[in-house]
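**Q** Sharing a model prediction with you, sequence too.
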Amino acid sequence: MTHPEPSGMPEGHAFDPEIEISPKQVAKRLDHEKPFILIDCRTDQEREIAVISRSIHAPLHELHLHLEDLREHEDTEIAVYCHHGVRSRQVTMALREAGFSDVRSMAGGIDLWSQTIDTAVPTY
């Protein structure tokens with residue numbers, strides 16, 4: 001699970017490449033034809049405010065209900081996002097423990113995505 005390209009994180013943002021992927025890296029992956037899954041682990045209410053297109057909704061508090069549906073992506077590169085990156089780290093670790101081979105949390109969450117990738121996505 002090595003992804004050597006630069007993260008593209010803004011200066012001052014902590015970044016752990018072992019568990020995280022930057023919004024810039026996610027945007028790059030979404031633009032390629034290689035299989036890539038983006039999971040939104042926020043609540044329904046948060047998703048109504050702002051969403052990244054092509055994401056699958058699997059809220060943290062319901063992850064156990066979505067696990068079997070996600071199994072088909074077990075060997076696909078996966079990024080998980082939330083508001084700022086805390087819940088997505090929890091989901092990342094839970095998916096890794098469940099046997100998913102290449103999953104990382106999107107650093108800074110949808111908030112950083114809105115600031116650096118797509119300003120049309122509302123912040124909250």
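**A** That came through, no problem.

**Q** how about the strands in this structure?
**A** Assignment of strands within the chain using DSSP state E yields the ranges 20-21, 36-40, 55-57, 77-81, 103-106.

**Q** who does the first one touch, helix- and strand-wise?
**A** It refers to strand 20-21. strand 103-106 (3 or more Cβ pairs under 8 Å, 6 or more residues apart in numbering; DSSP states H and E). To be clear about C-beta, it is placed using only N, CA and C from the backbone, and glycine gets the same treatment.

**Q** Going by contacts, tell me the helices and strands next to the lengthiest helix in the chain.
**A** Using DSSP state H, we find that the single longest helix of the chain is helix 86-97. When contacts are defined as 3+ Cβ pairs under 8 Å, 6+ apart, helix 86-97 packs onto helix 63-70, strand 77-81, strand 103-106.

**Q** re earlier: how about the strands of the chain in a markdown table, adding mean neighbour count, distance to Lys28 and mean pLDDT?
**A** Shown next, in a markdown table, are these (neighbours: other Cβ atoms under 10 Å; distance: least, Cβ to Cβ, whole Å; pLDDT from 0 to 100):
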| stretch | mean neighbour count | distance to Lys28 | mean pLDDT |
| --- | --- | --- | --- |
| strand 20-21 | 24 | 10 | 97 |
| strand 36-40 | 21 | 10 | 97 |
| strand 55-57 | 16 | 16 | 97 |
| strand 77-81 | 26 | 11 | 98 |
| strand 103-106 | 26 | 12 | 98 |
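
**Q** Just send those strands back as a markdown table, with distance to His66 too.
**A** Putting these into a markdown table (distance: least, Cβ to Cβ, whole Å) gives the following:
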| stretch | distance to His66 |
| --- | --- |
| strand 20-21 | 20 |
| strand 36-40 | 9 |
| strand 55-57 | 8 |
| strand 77-81 | 12 |
| strand 103-106 | 13 |
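
**Q** Let me know which of the ones you listed is the nearest to Gly8.
**A** strand 20-21 (10.1 Å; Cβ to Cβ).

**Q** List the strands paired with the closest one, with their directions.
**A** strand 103-106 (parallel) (DSSP bridges).

**Q** what does the partner strand rub up against?
**A** 19-23, 26, 38, 77-81, 85, 88-89, 91-92, 95-96, 112-113 (Cβ atoms under 8 Å, 6 or more residues apart in numbering).
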